[in-house]
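>>> Structure for this input, please:
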Amino acid sequence: MIEDVRRQDVTHQPVPGRSPVDLRGVPETALWTVYHRAAEAARPDAVLADPRAVRLVAEADFPFRERLGPARPGAAQVLALRALAFDGVVRDFLARHPEGTVIALGEGLETQFWRVDNGRVHWVTVDLSDPLELRRRLLPHGARQRLVACDAREHRWMAGIDASRGVLVTAQGLLMYLQPAQAHGLIGACAAAFPGGTMVFDTVSRRYSARSRDGVRGPGGHRLPPMPWGMDAAQRRLLRAEHPSVTEVTDVPLPYGRGLLGLLAPHTAAVPLLRKNRPLITRLRFAEAPADPPGGP
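Numbering: from 1, shown residues only. Coordinates of the predicted model:
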């Protein structure tokens, strides 16, 4: 199974018994991400234990290497460290709200549920129809998991969410593909819909956003879709002013990893060459709902 992850045939032929896969455009990034995360998890010195991702890539009928290029160890480790950082936020939330609801926007083929499940969390996956159907076929889902076919920008996915036990909204690898006004609109809508809740998301830098709009290839030569929304640390500080219901804005650093890259990962904000050109992971806390006035309804 590990060899299937590390060495995909250059010329793809349909494989009997495997689940056919085909995504294009932004949804294809879900395949690129799980491909690299699985390559990292398959290493004996992996920074991320993710057997579900390794199994998914081995069982999917998709020409990973042909379409996405070879999995690069540096990119694989960074994506795994990003996943670990998000895992840490989810675990912190579940420590305070063991039966809370995690809403994963644009979750794609992320396998986070199986890494952080405490046996009590309620999990809602929101994604477009095609990647959601692929997720349904490739990953097992239980009674505490719900799949909602919806564009996250439409906000109708918010209906029916039980926020009584706490809500955490995650958007891993999503908001950078939205227009700036759409991203800010989504943040504002989440703050209004889930008072007292938390949101965590990642963004690319403004410089990288500009490069992506001109066409950029990721590690391995895969052409990445344009990323219209970029944000630097200075712009992040403005989120509270732009969204009055946001009461706290904090940085979520990457955890330590392997080698020099892993040693520097938590300290990119202190490295002059990276300080203004680094991806960010941001955690927001939303204001509590105002209490009813005495004698009110």
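
>>> now T125, what's its secondary structure?
Secondary structure of T125, reduced to three states by DSSP: H, G, I helix; E, B strand; the rest coil: strand.

>>> For the chain, just list every one of the strands.
Listed in chain order, the strands of the chain (DSSP state E) span 19-20, 60-61, 101-105, 122-127, 145-149, 167-171, 198-203, 216-217, 223-224, 246-251, 280-286.

>>> any idea of the mean pLDDT in the longest one?
By that I understand strand 280-286. In this model, strand 280-286 has a mean pLDDT of 97.

>>> For the strands of the chain, which has the smallest mean pLDDT value?
Mean pLDDT is lowest for strand 216-217 among those, at a mean of 62.

>>> quick one: low-confidence parts of this structure?
Scanning the chain for pLDDT under 70 picks out 1-17, 215-223, 291-297.

>>> can you rerun that using 50?
1-12, 16 (pLDDT under 50).

>>> Show me how it divides into domains.
2-73, 88-286 (automatic domain parsing).

>>> Would you mind giving those as TSV with distance to L79 added?
Just so you know, the C-beta spots here come from the backbone N, C-alpha and C atoms, and that holds for glycine as well. TSV is the format used below for the domains of the chain (distance: least, C-beta to C-beta, whole Å):
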stretch	distance to L79
domain 2-73	5
domain 88-286	9
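
>>> Mind putting those into TSV with mean neighbour count?
Shown next, in TSV, are the domains of the chain (neighbours: other C-beta atoms under 10 Å):
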stretch	mean neighbour count
domain 2-73	18
domain 88-286	17
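
>>> so which of the ones you listed comes closest to R82?
Each of the domains of the chain was scored for nearness to R82 using C-beta to C-beta, and the closest is domain 88-286 (6.5 Å).

>>> Just give the closest residue to the residue nearest in space to the middle of the chain, not the sequence neighbours.
The centroid of the chain falls nearest to Q172 when counting by C-alpha atoms, centre = their mean (1.8 Å). Once flanking residues are discounted, Q172 sits nearest to F86: 5.4 Å by C-beta to C-beta, 6 or more residues apart in numbering.

>>> In the stretch 1-150 of the chain, what residue spans correspond to helices?
Assigned by DSSP state H, counting those that start in this stretch, the helices in the stretch 1-150 of the chain fall at 2-6, 29-41, 51-59, 64-68, 73-96, 112-116, 129-138.

>>> Now do the contacts for the residue lying closest to T198 once chain neighbours are set aside.
Counting by C-beta to C-beta, 6+ apart, T198 lies nearest to L168, which is 4.8 Å off, once chain neighbours are set aside. By C-beta atoms under 8 Å, 6 or more residues apart in numbering, the contact list for L168 reads V89, V90, F93, H97, G100, T101, V102, I103, G197, T198, M199, V200.

>>> now the strands of the chain in TSV, with distance to R240?
Formatted as TSV, the strands of the chain follow (distance: least, C-beta to C-beta, whole Å):
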stretch	distance to R240
strand 19-20	44
strand 60-61	42
strand 101-105	21
strand 122-127	25
strand 145-149	29
strand 167-171	17
strand 198-203	13
strand 216-217	31
strand 223-224	30
strand 246-251	5
strand 280-286	9
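
>>> Return the distance of A192 relative to R240.
In this view, A192 and R240 are 15 Å apart by C-beta to C-beta, to the nearest Å.

>>> what do you get for V57?
V57 is 40 Å from R240, where distance means C-beta to C-beta.

>>> what's the answer for A143, then?
Distance, A143 to R240, using C-beta to C-beta: 38 Å.

>>> Ok, P70 next?
In terms of C-beta to C-beta, P70 sits 42 Å off from R240.
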